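Enquirer: Sequence and predicted structure are below.
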Protein chains: 2
Amino acid sequence: MKSTEPACQYELKVAKDAMEVIQGKWRIPIIISLTYGNKRFGEIQRDIPEISPKMLSQELKALEENQLITRTLYDSMPITVEYALTPLGLSMKDLLVELRNWGKHFRKEIVGK
Amino acid sequence: MKSTEPACQYELKVAKDAMEVIQGKWRIPIIISLTYGNKRFGEIQRDIPEISPKMLSQELKALEENQLITRTLYDSMPITVEYALTPLGLSMKDLLVELRNWGKHFRKEIVGK
DNA sequence: CCGAATCCTGTTTGATACTG
DNA sequence: CAGTATCAAACAGGATTCGG
């Protein structure tokens, strides 16, 4: 019996939840950037130079809605905004480690061949 | 010093490699299905009922090109095709475990609230 | 049974310029 | 500094039909 086992169905469901959050080209890069410290808008842009301000703004908003990051406004002059991971965002650490491990492995096996 | 550290840049690069492979709505589900055993086209479809034959065919091809799965043709009557994970595909196991763990955590914290 | 071919739609992403 | 606005392009995904 190898099809449609309950365990498989459950794994499919939770993996789908996870993927919906990290889908897209920019969310994982943004989260990775923030694991290296709280950052301002421009600092994230320097970590990920190819991202347009529009996409950065849009994806930050989505991550905030999913409660993975916080947005803190300091109304100094000029205005500054700081983004930081929430506990939920920090809880992605192990997943990010595995993403890094596997990405490294994949690069060794395929990309860099 | 918190921006654009070498470690961050390296992590961004390998994570991007990994994400390119697992991007999209269907690749992770297909791989998960195959971790429960080698399957035929129709069997994968039964695990993932929402997928159309077109998308399944297309994504299987992409996964084969990335050497994550193999496609084996048995010319019995009628013709049957079996898909299986390669060693590289199997090496995603740890990543899938973390995806499952985090998806479960996320569902508990946010989705199912 | 296992797809291929075609056509079509909506979402995602991007380039560029502009604002408080 | 931290974004918005606008417009266009690219792509993912779906519906349907057909073939070996």
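Expert: It's in.
Enquirer: Need the contact partners of stretch A:33-51.
Expert: With contacts defined as CB atoms under 8 Å, 6 or more residues apart in numbering or on different chains, stretch A:33-51 is touched by A:26, A:29-30, A:53, A:56-57, A:60, A:69, A:80-85, A:89-90, A:93, A:96, B:2-5, B:7-9, B:12. C-beta: built from backbone N, CA, C; applies to glycine.
Enquirer: Can you list which of these are found in strands?
Expert: Among the contacts of stretch A:33-51, DSSP state E puts A:69, A:80-85 in strands.
Enquirer: pLDDT score for A:E5?
Expert: Note for A:E5: predicted pLDDT of 80.
Enquirer: which residues does it contact?
Expert: Applying CB under 8 Å, 6+ apart, the residues contacting A:E5 are B:Y36.
Enquirer: thinking again about what came up before, give me the buried entries from the ones in strands among the contacts of stretch A:33-51.
Expert: Restricting these to buried positions leaves A:69, A:83, A:85, with burial counted as 16 or more other CB atoms under 10 Å in any protein chain shown.
Enquirer: Let me know the closest of those residues to chain B.
Expert: Nearest to chain B among these is A:Y83, at 12.2 Å by CB to the nearest CB.
Enquirer: Quick check: that closest one vs A:I31, distance?
Expert: Distance, A:Y83 to A:I31, by CB to CB, to the nearest Å: 10 Å.
Enquirer: host element of the residue of chain A found nearest DNA strand C?
Expert: Of all residues in chain A, A:G24 sits closest to DNA strand C, at 3.7 Å by CB to the nearest atom of the strand. Element membership for A:G24, per DSSP states H and E: none, as it lies in no helix or strand.
Enquirer: show me the contacts for it.
Expert: Neighbouring residues of A:G24 by CB under 8 Å, 6+ apart: A:E59.
Enquirer: Quick one: name the residues of chain A near DNA strand C.
Expert: Counting by CB under 7 Å from any atom of the strand, chain A comes close to DNA strand C at A:24-26, A:50-55, A:58, A:78-79.
Enquirer: The host helix or strand of A:A18 relative to helix B:6-22, how many degrees between them?
Expert: Here A:A18 sits within helix A:6-22, counting by DSSP H and E. Here the directions of helix A:6-22 and helix B:6-22 differ by 130 degrees (axes from the mean of the first three to the mean of the last three CA atoms, to 10 degrees).
Enquirer: wait, what's in contact with A:I31?
Expert: Residues near A:I31 by CB under 8 Å, 6+ apart: A:22, A:63, A:68-69, A:85, A:89, A:92, A:96.
Enquirer: for A:M92, same thing?
Expert: Each residue near A:M92 by CB under 8 Å, 6+ apart is listed here: A:31, A:68, B:102.
Enquirer: Make sure the second one is actually in contact with A:L88.
Expert: Yes. With contacts defined as CB atoms under 8 Å, A:L68 counts as touching A:L88 at a distance of 5.7 Å.
Enquirer: These two: which is more packed in?
Expert: More crowded of A:L68 and A:L88, by other CB atoms under 10 Å in any protein chain shown: A:L68, with 25 against 17.
Enquirer: could you list every residue that touches the more buried one?
Expert: Residues in contact with A:L68 (CB under 8 Å, 6+ apart) are A:21, A:31, A:85-86, A:88-89, A:92.
Enquirer: Chain neighbours aside, what residue packs nearest to A:M55?
Expert: Nearest residue to A:M55, sequence neighbours excluded (CB to CB, 6 or more residues apart in numbering or on different chains): A:W26, at 5.8 Å.
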